[in-house]
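**Student:** with the input below, show me the fold.
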Amino acid sequence: MKKKTQMIHAGITGDEQTGAVSVPIYQTSTYQQDGAGQHRGYEYSRTGNPTRHALEETITALEHGQAGFAFASGMAAITSVMTLFNSGDHVVMTDDVYGGTFRLMNHVINRLGIESTFIDSSDPAQVKEAIQDNTVALYIETPTNPLLKITDIAEMEEIAREHELTLIVDNTFNTPYFQHPLELGADIVLHSATKYIGGHSDVVGGLVVVNNETLAKDLHFIQNSSGAILGPQDSWLLLRGIKTLGLRMEAHENNTQRIVHFLNQHPKVTNVYYPGLSDHSGHEIAQRQASGFGGMISFDVGSGENADHVLANVKYFTLAESLGAVESLISIPARMTHASIPKDRREALGITDGLIRISVGIEDADDLIDDLRQAIEN
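**Tutor:** Here you go, the predicted model:
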């Protein structure tokens, strides 16, 4: 089955009982039992809901995994994955991660006695050096947020296997349409489904897929115990979003490539970060492990003042948090998505005050380029 067909037909796609081609929204908290302890597969919607189950089966099929789980947000998904580990454990993580992930690990998960070390995971030597006797997991984003660095997933799998680590990959930027981390050796893949999978800025959710029964059992126990579940209405919205994911990802990427070409030639833009550029440090790896380069671009205009000027003058780019929607979004990571990271650390990573991140939508590329041109030049 080809990828676009999978987006429509993978997992649970309708209702066998009624013939409805759309999965029903089961807006219920509990279920009638035939006898005490004799339920029909569902007993309480925190434990399981048919609409959420359909989404979980669908993302499992798309990521080629063993079991899937839908959470109330991407951060709820990451938090739940981290509670697979115990006090005294240590996790090695990509340094250029979403600011919320950095905040979670350094101000919440650390309270549980789980330590973390942030390194440039695109450099295998740094990964190996960061591994300690108590290291239990390797967590990577690829591409990263916001500098779009690329980590070789297959090489990380070799390191993880050698040291008996759980390999976790945040696949939010590339989605299962462009990249399959489980096939490259990852144990857990996760998404902020709020982004491309939802795709319409109308739902918040997180998805996790695991590659073995032990992880599936443990994560279901955590999901049911903590209750950070996705509701049926939001589950349905994500199921709907998946159906057009392939079309949208191709449209995002086509627009992005044209915008990258424009930005890369503009004299007022000092750096352009996009793995589709041949001179990007991770270009060859991205080309090898993914079927597309995605719809995210970061570029530097030299200063915070210049960045503010661009944001004040764009017309078709919405100044907002988030990414991956049909409309183009623009932000300054240093003051928005990554503001929770200390300034000295941001600067060391290359997240400057003049760095702008854009999530390219599916509008007409000519309009988006003209909009950026006038915003940069006026």
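**Student:** extract the CA atoms of the helix or strand hosting Thr79 and return them as CSV.
**Tutor:** Taking DSSP states H and E as the definition, Thr79 sits inside helix 74-82. C-alpha atoms of helix 74-82 as CSV (Å, rounded to 0.1, in the frame of the first residue of the first chain):
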residue,chain,number,x,y,z
GLY,A,74,2.6,16.4,23.0
MET,A,75,4.0,17.3,26.4
ALA,A,76,1.7,14.8,28.1
ALA,A,77,3.1,12.2,25.7
ILE,A,78,6.7,13.1,26.5
THR,A,79,6.0,13.2,30.3
SER,A,80,4.3,9.7,30.1
VAL,A,81,7.3,8.3,28.2
MET,A,82,9.7,9.7,30.8
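**Student:** in the chain, which residue is most central in space?
**Tutor:** Nearest to the mean C-alpha position of the chain, by Cα atoms, centre = their mean, lies Thr172 at 1.8 Å.
**Student:** retrieve the pLDDT associated with it.
**Tutor:** As predicted, Thr172 sits at a pLDDT of 97.
**Student:** tell me the spacing between it and Gln6.
**Tutor:** Relative to Gln6, Thr172 is positioned 19 Å away (Cβ to Cβ, to the nearest Å). For the C-beta atoms, the positions are set from N, CA and C on the backbone; glycine is no exception.
**Student:** wait, what's in contact with Gly100?
**Tutor:** By Cβ atoms under 8 Å, 6 or more residues apart in numbering, the contact list for Gly100 reads 74-75, 337, 340.
**Student:** 7 Å instead, please
**Tutor:** Gly100 is in contact with Met75, counting by Cβ atoms under 7 Å, 6 or more residues apart in numbering.
**Student:** likewise for His280?
**Tutor:** Per Cβ under 7 Å, 6+ apart, neighbours of His280: Tyr274.
**Student:** and it, how far from Ile25?
**Tutor:** Relative to Ile25, His280 is positioned 42 Å away (Cβ to Cβ).
**Student:** can you pull the buried residues of the longest helix seen in the chain?
**Tutor:** For the chain, the helix with the greatest residue count under DSSP state H is helix 245-264. For helix 245-264, the neighbour count (16 or more other Cβ atoms under 10 Å) marks 245-246, 248-253, 255-257, 259-260, 262-263 as buried.
**Student:** what residues does it touch?
**Tutor:** With Cβ under 7 Å, 6+ apart, helix 245-264 has contacts from 3-4, 7, 175, 177-178, 196-197, 199, 269, 272, 274, 276-277, 292-295, 297, 299, 326, 360, 362, 365, 368-369, 372.
**Student:** among these, which are in helices?
**Tutor:** Per DSSP H, the contacts of helix 245-264 map to helices at 3-4, 7, 175, 177-178, 365, 368-369, 372.
**Student:** which one among these gets closest to Leu104?
**Tutor:** Distance to Leu104 across those (Cβ to Cβ) is lowest for Thr175, with 21.9 Å.
**Student:** and the closest residue to that closest one other than its chain neighbours, what does it touch?
**Tutor:** Distance criterion Cβ to Cβ, 6 or more residues apart in numbering; nearest residue to Thr175, sequence neighbours excluded, is Tyr196 at 4.8 Å. Residues near Tyr196 by Cβ under 7 Å, 6+ apart: 175, 245, 249, 324.
**Student:** need phi/psi at Tyr196.
**Tutor:** With angles defined as degrees, to the nearest 10, Tyr196 sits at phi -70, psi -40.
**Student:** for it, report the pLDDT, please.
**Tutor:** 98.
**Student:** do the one 4 residues further on as well
**Tutor:** The confidence metric pLDDT takes the value 97 at His200.
**Student:** one more: Gly99?
**Tutor:** You'll see Gly99 listed with a pLDDT of 86.
**Student:** so what's it up against?
**Tutor:** Taking Cβ under 7 Å, 6+ apart, one finds 337-341 in contact with Gly99.
**Student:** in a strand, Gly241, correct?
**Tutor:** No. Counting by DSSP: H, G, I helix; E, B strand; the rest coil, Gly241 is not found in a strand; it is helix.
**Student:** now the strands for this protein?
**Tutor:** Remark: strands assigned in the chain by DSSP state E are 67-71, 90-94, 115-119, 135-141, 166-170, 188-192, 206-210, 271-273, 296-300, 318-319, 329-331, 355-359.
**Student:** so what strands line up beside the fifth one?
**Tutor:** Strands that pair with strand 166-170, judged by DSSP bridges, come out as strand 135-141 (parallel), strand 188-192 (parallel).
**Student:** the shortest one now?
**Tutor:** Taking DSSP bridges as the criterion, strand 318-319 forms sheet pairs with strand 329-331 (parallel).
**Student:** from the middle of its chain, how far away would the helix or strand of the chain with the lowest mean pLDDT be?
**Tutor:** Ranked by mean pLDDT, DSSP states H and E, the weakest helix or strand in the chain is helix 343-349, scoring a mean of 84. Helix 343-349 has its C-alpha centroid displaced from the chain centroid by 22 Å (Cα atoms, centre = their mean, to the nearest Å).
**Student:** neighbouring contacts of it?
**Tutor:** 95-96, 147, 334, 338.
**Student:** pick out the most distant pair among these.
**Tutor:** For these, and using Cβ to Cβ, no pair is farther apart than Asp95 and Ala334, which are 15.3 Å apart.
**Student:** looking at the two, which one has more neighbours?
**Tutor:** Using other Cβ atoms under 10 Å as the criterion, Asp95 and Ala334 rank with Ala334 on top: 23 against 20.
**Student:** hmm, the more buried one is touching Ile351, no?
**Tutor:** Yes. In this structure, Ala334 is within contact of Ile351 by Cβ atoms under 7 Å, at 5.5 Å.
**Student:** Throw the contacts of Gly99 into a markdown table and include pLDDT and neighbour count, thanks.
**Tutor:** A markdown table is the format used below for these (pLDDT from 0 to 100; neighbours: other Cβ atoms under 10 Å):
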| residue | pLDDT | neighbour count |
| --- | --- | --- |
| Thr337 | 78 | 20 |
| His338 | 83 | 25 |
| Ala339 | 82 | 14 |
| Ser340 | 77 | 15 |
| Ile341 | 80 | 24 |
